[in-house]
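> Here's a sequence, model it:
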Amino acid sequence: MPTAIPACAQNTTTAAILRNRLLVTAALAPLVLAALPVLTAVPALAACTVAGTGTIGALNSGDVATCTGLGNTDHINATGGSNVTVNVGDGTLTSLLPGAGIPAIVFDGTIASHVTVNDQATASTYSGAVLLSNGSSHNNVTIAAGGIAEGTGNAEAAIVIDNSNSNLVNIRGTVVGTGGNTTGLRISGTSSDNVVLVYQGGSIGGGHTGVQLIAGGNTLINGGTISGGFFIAIQGSSGTDTVLNAGTISGGGSGAIDCPEAMTCWASPRARRSPEMFAAGPAPTR
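Numbers count the residues shown, from 1 in each chain. Modelled structure (predicted):
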């Protein structure tokens, strides 16, 4: 008795198997596609949280405040206290954009505390990003590479140190005033012994002035870029401020640096500068 399967029967069987596999694949496809959104990265939801005993608007000593995600509208404030930590972002896209009236982050009489605007994070409001005021001292403000601190309001500044001493500002990212008549960084009142470090790749700029040293006894060391708008890049005070430049300083219509008699202005021979680096005052001194 012949045992071979006729060719036509074999082809029919193979076609049936393939057809069944196709039906199973088609049935599974919606399930696979439905799972894809779960695997796709999405921006984190906006949230500002506090680890500690305070709230985001009234931080206590030792509190750690962290904002992540896009569209945060909280004002962050610490009045008094010490060892407060504020983190804007965690390396993912983050924005802190509260309404006008007060800066986004305020340390008022706060000591030995930290503010960090991390990579891919922006802190911005009409009234500026960070304010250290009323005796705040020994604080550390860091704008990380890829981070942005911004002020957009008329005559406002992105970072302000007012009546506060012995604070350190590290700029590896961008500090900028983007509105008309704005300043990037301002030190005012009776503030002294504050140090601002602009690292290579970091920048300070403003629509009017890059840096205003209204108070005396402070130090600015630039290894990045400082630029002014229609006025000047660095406006010196009548005190004994020190400006050391090994980076790029470019000014507006009034030159790059206003260097009064009591102010020490020194530029590295390798520094890149505008033709009129020092708009006023003595020649650079070592």
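
> CA only for contacts and neighbour counts going forward, please
OK.

> gap between the most centrally placed residue in the chain and Y199?
Taking C-alpha atoms, centre = their mean, the centroid of the chain lies closest to I148, which sits 2.8 Å from it. Distance of I148 to Y199, computed by C-alpha to C-alpha, to the nearest Å: 14 Å.

> And T94, by the same measure?
23 Å.

> Kindly report the same for L213.
19 Å.

> Neighbour count for those two, which is higher?
Set L213 next to Y199 and count neighbours by other C-alpha atoms under 10 Å: L213 wins out with 26 against 19.

> Just list whatever residues bridge to the more buried one.
I187 (DSSP bridges).

> start the count at 727, not 1, going forward
All right, first residue 727 from here; so that's L939.

> pretty sure it is in contact with G962, am I right?
Yes: between L939 and G962 there is a contact at 5.0 Å, judged by C-alpha atoms under 8 Å.

> what about the residue nearest to the centre of the chain, distance to N944?
Note on I874: its distance to N944, by C-alpha to C-alpha, is 23 Å.

> per-residue confidence at the closest residue to G780 other than its chain neighbours?
Ranked by C-alpha to C-alpha, 6 or more residues apart in numbering and with sequence neighbours excluded, the top spatial neighbour of G780 is N786, at 5.0 Å. On pLDDT, N786 comes in at 98.

> residues in contact with N786?
For N786, the contact set (C-alpha atoms under 8 Å, 6 or more residues apart in numbering) comprises G778, T779, G780, A804, T805, G806, G807, S808, V810.

> just checking, it is part of a helix?
No: under DSSP: H, G, I helix; E, B strand; the rest coil, N786 sits outside any helix and is assigned coil.

> Look up how far Q938 lies from it.
31 Å.

> I'd like to know how far the residue nearest to G780 sits from T868.
Using C-alpha to C-alpha, N786 is found at 20 Å from T868.

> Next up, the contacts around G879.
By C-alpha under 8 Å, 6+ apart, the neighbours of G879 are T851, Y852, S853, G854, T904, G905, G906, T908.

> Run through the stretch 827-976 of the chain and note the low-pLDDT ranges.
In the predicted model of the stretch 827-976 of the chain, no residue satisfies pLDDT under 70.

> please redo it, this time with the cut-off set to 80
Applying pLDDT under 80 to the stretch 827-976 of the chain flags residues 906, 963-965.
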